[in-house]
Each structure stands twice: as structure tokens, then as C-alpha cells.
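# make a model of this:
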Amino acid sequence: IWDLRQPVSSLTMAAHEHEILSVDWNKYNDCLVATGSVDKTVRIFDVRMPMQAMHILHGHTYAVRRVKCSPHSESLVYSCSYDMTMCMWDFARQGDPLVRKFDHHTEFAIGLDVSSLVEGMVASTDLGSCTLSVDLKTSTELIDLAILGR
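Numbering: from 1, shown residues only. Here you go, the predicted structure:
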């Protein structure tokens, strides 16, 4: 973790045993970060206690390429993976934190974003130019199969 006012990092965490491919700050709690890794997990850390993850979220079968914290809820996190899925997690939920898994991608899912303007609107994309946009309030899924160059 870097404080750009300082010449060296403020904190180094051993968050995963394998490479970390993505990190995102929680929008409601500035001490929480979500990480996604080659080890197929999403982890939630409190930077005040960096030695151990608060939550380890299992559900992907390949590396987690992107994580994104919800701008509307402290405990919602989204992830996409090389297993061609996008997951919605609620780490405050009792039992299984996996709320929903979307498996409409036909290539590695590599991009993910959550609308800060429309609550429940999520978009992900894969290497094959397929984009999945989901309105989680209405469960409407819009799949754009546009192929570059055609």
C-alpha cells in the first residue's frame, strides 16, 4: 500500500501465495480492500490487521482476473475470472457468501465494472468481445456479442 506523499510503501501484505491480479478499495470502509489472485480466491482484508484475511471467498475454478467493490453496499464484491464467470459476493451474508454466478462468457472474463450511478448495474467483458451487462434489481441480462472488426 502506497502513500504517494512518501518515497516508500506504507504497508506490504502477504495477501496470497500466488500472484495478485486485482485489488480494489471498499467505498464505504477505507480500511477494507478486496484482492483477486491466481489462487482462484477473492480475499477481503482490513489493512489495520493485514496478516490475515477477514474473508476468503471460494467459487472460481481459475484465476480471478478482476475484483470490484460495490459503490452501494459495504459488503458486496464482484469478481470475474479466467473460468469465464462473473460472481457477486456478500461477505456479510451468513453461510455461503456467493450470491450469484453468471456464466455467459465464452472466453476468459477479464474486465468488470459496477455502475456508481445505477444501483445493481454490473458489466463484465471477455477476450472474445462478449459483454454481459446485468441489472441485478430486475435480473435483466443484456449480452452484446459484438466482434471487433466485423
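
# residue 82 contacts residue 107, correct?
No - with contact defined as C-beta atoms under 8 Å, residue 82 does not reach residue 107; the gap is 9.2 Å. C-beta: built from backbone N, CA, C; applies to glycine.

# when those two are compared, which one has more neighbours?
Taking neighbours as other C-beta atoms under 10 Å, residue 82 and residue 107 compare with residue 82 leading, 21 against 13.

# show me the shaky parts of the protein.
Scanning the chain for pLDDT under 70 picks out 1-4, 9-16, 129-130, 132, 136-150.

# show me the helices in it, by range?
Assigned by DSSP state H, the chain shows no helices.

# next, name the residue at the spatial heart of it.
For the chain, residue 67 is the residue whose C-alpha lies nearest the centre (C-alpha atoms, centre = their mean; 1.9 Å).

# mind listing what the nearest residue to that one once chain neighbours are set aside touches?
In space, residue 67 comes closest to residue 36 once its chain neighbours are excluded; the distance is 4.1 Å by C-beta to C-beta, 6 or more residues apart in numbering. Going by C-beta atoms under 8 Å, 6 or more residues apart in numbering, residue 36 touches 20-23, 42, 63-67, 79, 81.
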